[in-house]
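Engineer: I'd like to go over a predicted model; first the sequence, then the structure.
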Amino acid sequence: VIARRGGTSARSASAYQVNATPTLTLTSPSEEGSADDFATTWLNNPWDMSFLPDGRMFFTERPGPVKLRLTNGTINTIVTPADVAPAGEAGMMGIAVDPGYASNNFIYACYTAGSDNRVVRYHVNATQNGTDASTVLVQGLSKANFHDGCRVRFGPDGKLWVTTGDGGVGTHPQNLDSVN
């Protein structure tokens, strides 16, 4: 896992560093460990990340948690939905920070639940260690062990874009009546 956020990335035995503004360095949790140890030991199947302008990083782990890495290296669990259903390529996947985060504290995630994939908006609490509220924005997206999509990003139009994948049904993308 090499963190990239614009520019180029550099890899060393003790850290992954992004050569961009702001600079992000993921260092190992102990002096003896390597950055590879951090990525493989301290994270459980990391899937996506989204940055705040000051360098804080929200990231997802497929078994369920959305976490926030503070600029001092502290990692807070923000939310683990009770209904997240990790299997194959499914689980907690995409994450995006609202462009107006400084004033609204919203993040958006796409994840697999028991019966579908869904997009949820979370309001991160003031202490940055949980959520105050959540709103399901889209549900009923086909889920599967493969081809789930679930990438969320804000486009140049300021709107939230969501990839849905084909949910394991190859005809979904060509079907205008399908949400996938």
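Structural biologist: Yes, it's here.

Engineer: which ones are touching residue 173?
Structural biologist: 166, 180 (Cβ atoms under 8 Å, 6 or more residues apart in numbering). For glycine as for every other residue, the C-beta is placed from the backbone atoms N, C-alpha and C.

Engineer: What is the three-state secondary structure of it?
Structural biologist: helix (DSSP: H, G, I helix; E, B strand; the rest coil).

Engineer: do the same with residue 103
Structural biologist: From three-state DSSP, the assignment for residue 103 is helix.

Engineer: Give me the pLDDT value at it.
Structural biologist: On the pLDDT scale, residue 103 is placed at 96.

Engineer: Repeat that for residue 95.
Structural biologist: 97.

Engineer: Can you give the strand pairings for the host helix or strand of it, parallel or anti for each?
Structural biologist: Element membership for residue 95 (DSSP states H and E) is strand 92-97. Strands adjacent to strand 92-97 in the sheet, as given by DSSP bridges, are strand 106-112 (antiparallel).

Engineer: What residues of the following helix or strand past the partner strand count as buried?
Structural biologist: As assigned by DSSP H and E, the chain's next helix or strand after strand 106-112 is strand 117-124. Applying a neighbour-count criterion of 16 or more other Cβ atoms under 10 Å, one finds 117-122, 124 buried in strand 117-124.

Engineer: Closest one of those residues to residue 56?
Structural biologist: Of all those, residue 56 sits closest to residue 124, with 10.4 Å by Cβ to Cβ.

Engineer: what about the closest one, distance to residue 164?
Structural biologist: 25 Å (Cβ to Cβ, to the nearest Å).

Engineer: Residue 147 too?
Structural biologist: In terms of Cβ to Cβ, residue 147 sits 9 Å off from residue 164.
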